[in-house]
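1. Below is the structure, and that's it, no one-letter string:
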């Protein structure tokens, strides 16, 4: 499948929804309720969804709730139908859903981006006492590749293994339902390696429950941004180093990474989208104090010109007024017309 071509058309098809002139936005939004789609309870997406729901309720006076689902492949279609106000989605899922790549039965053309909220560091991990030191050492081992609830992560996992010259047939493939179940395969001894985002509560719990703890594996020698993007659009390489938060990172290393966006339904009015992104942006520093992953994105970098789907016109208006929007955004947006 030509993922590169699919991504190149991701922002071309659908473009931006019709943009009507926006008046000044008051503290009162037209929304009666805000529902936020997230991954299962216990995941970082769920925690962040609850954090955003709290800030919306406090600042806007609108009943707001985080609604957990098995994964983005479940709730992105709901977002597309307007059955959810917003959702937390990776740049990987956003691109696949927007272009209608399986398991999405139809392109989610009505979904729009609101803001980037997290630059997510993503790695394979093993038990520290396993003797496994690199991705190459996984040959012949039991390795989680596919996640039933998140096809994009399966494709990313195959790309990560490929950086070490490994094909799925080189390992004993293990399939998990979702991220928590995937991590538990190593905890319970059913797999030798699984995937995780650095520093999330689930991996901290796993590290505490496994004798000797866990160790993160650096990406393979073939890894470049171009190599990663060709294998799974929306992904790239990142550098990380040991820290109190980076459980299992024992030395500076190159790993995989991608972005997390707050996406909204295209049925959301421009006024409401403006209000939501303004609420997030003006309260971003306070939100960063409440969850460390949000510190990976500075307020002026919440609207990168690498978005896999178009930004909502209400968000574009706010970013221009706030001085966040720049020439790179305009160039990227013009490609969608």
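-> Noted; the coordinates are in hand. Please read all numbers here as calculations on a predicted model, not as lab measurements.
2. which stretches of this protein have low pLDDT?
-> Residue ranges of the chain with pLDDT under 70: 1-29, 334-337.
3. just so I have it, where are all the strands in it?
-> Using DSSP state E, the strands assigned to the chain run over residues 33-38, 63-68, 86-90, 111-127, 142-147, 172-176, 193-197, 214-217, 235-240, 253-265.
4. Out of those, the one nearest residue 317 is which?
-> strand 111-127 (12.1 Å; CB to CB). C-beta coordinates here come from the backbone N, C-alpha and C atoms, glycine included.
5. which parts of the closest one are buried?
-> For strand 111-127, burial by neighbour count (16 or more other CB atoms under 10 Å) applies to 111-127.
6. what about that strand, distance to the chain center?
-> 4 Å (CA atoms, centre = their mean, to the nearest Å).
7. Same question for stretch 119-129.
-> From the chain centre to the centre of stretch 119-129 is a distance of 16 Å (CA atoms, centre = their mean).
8. right, and residue 222 touches residue 163 too?
-> Yes - between residue 222 and residue 163 there is a contact under CB atoms under 8 Å: 4.5 Å.
9. give me the number of residues near the closest residue to residue 118 other than its chain neighbours?
-> Leaving aside its sequence neighbours, residue 118 sits nearest to residue 260 (CB to CB, 6 or more residues apart in numbering; 3.9 Å). Applying other CB atoms under 10 Å, we find 26 residues neighbouring residue 260.
10. How about the contacts made by residue 260?
-> For residue 260, the contact set (CB atoms under 8 Å, 6 or more residues apart in numbering) comprises 45, 88-91, 116-120.
11. wait, which of those is closest to residue 318?
-> residue 116 (14.1 Å).
12. show me what contacts that closest one?
-> Going by CB under 8 Å, 6+ apart, residue 116 touches 259-261, 297, 301-304, 307.
13. Could you rerun that using 7 Å?
-> Taking CB atoms under 7 Å, 6 or more residues apart in numbering, we find residue 116 in contact with 259, 261, 297, 302-304.
14. which residues pair with it across the strands?
-> On the basis of DSSP bridges, residue 116 takes part in beta bridges with residue 261.
15. circling back to that earlier point, which of the contacts of residue 116 has the most neighbours?
-> residue 261 (29 neighbours).
16. Surely residue 261 is in contact with residue 89?
-> Yes - assessed by CB atoms under 7 Å, residue 261 is found in contact with residue 89 at 5.8 Å.
17. Tell me how far the residue nearest to residue 118 lies from residue 190.
-> Separation of residue 260 from residue 190 (CB to CB, to the nearest Å) stands at 28 Å.
18. Please identify which of residue 222 and residue 163 sits among more neighbours.
-> residue 163 (22 against 12).
19. and the residue nearest to the more buried one when sequence neighbours are not counted, how many neighbours?
-> Nearest non-adjacent residue to residue 163, counting by CB to CB, 6+ apart: residue 220, 3.3 Å away. Close neighbours of residue 220, defined as other CB under 10 Å, add up to 18.
20. Ramachandran angles for residue 220?
-> Dihedral angles of residue 220 (phi, psi; degrees, to the nearest 10) stand at phi -80, psi 170.
21. Based on its surroundings, how many neighbours for residue 82?
-> Residue 82 has 14 neighbours, counted by other CB under 10 Å.
22. quick revisit: list just the nearest of the contacts of residue 116 to residue 212.
-> Distance to residue 212 across these (CB to CB) is lowest for residue 259, with 32.6 Å.
23. what residues are up against that closest one?
-> Contacts of residue 259 by CB under 7 Å, 6+ apart are 90-91, 116, 118-120.
24. mind redoing it with 8 Å?
-> Going by CB under 8 Å, 6+ apart, residue 259 touches 90-91, 116, 118-120, 234, 304, 306.
25. And it, how far from residue 267?
-> Remark: distance between residue 259 and residue 267 (CB to CB) = 24 Å.
26. Show me where this protein has its helices.
-> Taking DSSP state H, the helices of the chain run over residues 3-10, 44-60, 72-80, 91-99, 151-162, 179-187, 201-209, 225-231, 270-282, 284-290, 313-322, 327-334.
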